[in-house]
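S.K.: Need coordinates for the below:
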Amino acid sequence: MSSNTASTRYPTRDQIEAIFKPMESGDFPKTLEHVDPNVDWTVMGTHPCAGNYKTLADFKTKTLDRLGKIMKPPGISLRVRNVIGGGDQDWAVVELIAAAECKSGLKFDNTYAWVVRFNDQHKVVQVRAYLDSWMVKQAIEENEAPSHRAPIPEI
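M.R.: Here you go, the predicted model:
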């Protein structure tokens, strides 16, 4: 991996892969050190975590922390499958594969494409995250507080 950051304005493909690599062992804080506190992070889809978050703290609380609470130990692992872009481009795509199991036993083997924009300090300032909405919805519905649905009457 190249350690020369002065040759390109934005992180190279190898540097981007290294930024996201710690999530493979569950070390999300190490990766999030490379995200601007005022990141504009949009989680696409039609599920309870979908939305546009204007700060890293808000994104973390409403997505990563929420999902983390419903997973069996050791939690979610995100492995980098591919990186496209970087170097002379501020935008890159990071393809990620999740490995986790919900407390309900649901396998959380989601896949992600994070479209990320870097500034010239190599910080992530914008993200559009694409994922399997159904899986997130099912994981939350099966593992958060019990349903408030009325019981089905017996006949």
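
S.K.: Helices along the protein, start to end?
M.R.: Assignment of helices within the chain using DSSP state H yields the ranges 13-20, 28-32, 56-59, 65-68, 133-143.

S.K.: for those, which one sits closest to Val116?
M.R.: Among those, the nearest to Val116 by Cβ to Cβ is helix 13-20 (7.8 Å). (Each C-beta comes from the backbone N, C-alpha and C, glycine too.)

S.K.: mean confidence for the closest one?
M.R.: What helix 13-20 shows for mean pLDDT is 98.

S.K.: my guess is Lys30 meets Ala18, correct?
M.R.: No: using Cβ atoms under 8 Å, Lys30 makes no contact with Ala18, being 10.3 Å away.

S.K.: and these two? which has more neighbours close in?
M.R.: Under the neighbour definition other Cβ atoms under 10 Å, Lys30 and Ala18 were set side by side, and Ala18 has more, 18 against 14.

S.K.: Quick one: closest of the helices of the chain to Asp40.
M.R.: helix 56-59 (9.6 Å).

S.K.: Compare the helices of the chain and report which one is nearest to Val83.
M.R.: Among the helices of the chain, the nearest to Val83 by Cβ to Cβ is helix 13-20 (4.9 Å).

S.K.: What's the local residue count around Asp120?
M.R.: Using other Cβ under 10 Å, Asp120 is surrounded by 9 other residues.

S.K.: Tell me the spacing between the closest residue to it other than its chain neighbours and Val115.
M.R.: In space, and not counting its chain neighbours, Asp120 is closest to Arg9: 5.3 Å by Cβ to Cβ, 6 or more residues apart in numbering. Arg9 sits 18 Å away from Val115, going by Cβ to Cβ, to the nearest Å.

S.K.: and Ile19, what does it touch?
M.R.: Contacts for Ile19 (Cβ atoms under 8 Å, 6 or more residues apart in numbering) come out as Pro11, Thr31, His34.

S.K.: Give the residue from Arg9 and Val115 that has the larger number of neighbours.
M.R.: Using other Cβ under 10 Å, the more surrounded residue of Arg9 and Val115 is Val115, with 17 against 14.
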